[in-house]
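1. sequence plus the predicted model coming up.
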Amino acid sequence: MLDAVVIGGGPGGYVCAIRIAQLGKRVALVEKEYLGGTCTNWGCIPTKAMLTSAHLYTEIANKSKRLGIEISGLDYDLKKITSHMNRTITMSRKGIEHLLKKNEVDFFNDNAVIKDAKHVLLEQSGEIL
């Protein structure tokens, strides 16, 4: 029997679920897409990962001559930059998964439908929490 069901695995949802578990309650977290929300998956984290490459490129291009370093053929590989971004996103998600497991939060990757005040339907699996 669950004490709480948290819908949404973004920063508000997963932190809430972990805290409820830390207070000794049995809690489930339901996320329909990816853990971490917009920041982890489409906003802050991927943007910062790509900006790291862009800043390094710009710094090399702009400062090298001033510091007496000649660079020819400076280029970038968008596939490798994107790969770095995707690894960063994956590591963030895995970190959240680890925290959920460590705190014994039941995680369901499904769409939640509130049936009534005490029941949540997991749309894909048909399970009722």
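-> Nice, I can see it.

2. which phi and psi does the most centrally placed residue in the chain have?
-> The centre of the chain sits closest to G36, judged by C-alpha atoms, centre = their mean, with a distance of 3.0 Å. Dihedral angles of G36 (phi, psi; degrees, to the nearest 10) stand at phi 110, psi -20.

3. with adjacent residues omitted, what lies nearest to I96?
-> L35 (4.5 Å; C-beta to C-beta, 6 or more residues apart in numbering). From N, CA and C alone the C-beta is placed, and that goes for glycine too.

4. the one you found against G9, yeah?
-> Yes - in this structure, L35 is within contact of G9 by C-beta atoms under 8 Å, at 4.3 Å.

5. find residues that contact each of these two.
-> Among the neighbours of L35, those also in contact with G9 (C-beta atoms under 8 Å, 6 or more residues apart in numbering) are 96, 107.

6. list the contacts for N41?
-> Neighbouring residues of N41 by C-beta under 8 Å, 6+ apart: 33-34, 89, 93.

7. in TSV, list those residues along with distance to K118 and pLDDT.
-> Formatted as TSV, the contacts of N41 follow (distance: C-beta to C-beta, whole Å; pLDDT from 0 to 100):
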residue	distance to K118	pLDDT
E33	25	96
Y34	28	97
I89	35	97
R93	30	97
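
8. packing partners of the longest helix that the chain contains?
-> As assigned by DSSP state H, the longest helix anywhere in the chain is helix 78-102. In terms of contacts (3 or more C-beta pairs under 8 Å, 6 or more residues apart in numbering; DSSP states H and E), helix 78-102 is packed against helix 11-22, helix 37-41, helix 44-63, strand 106-109.
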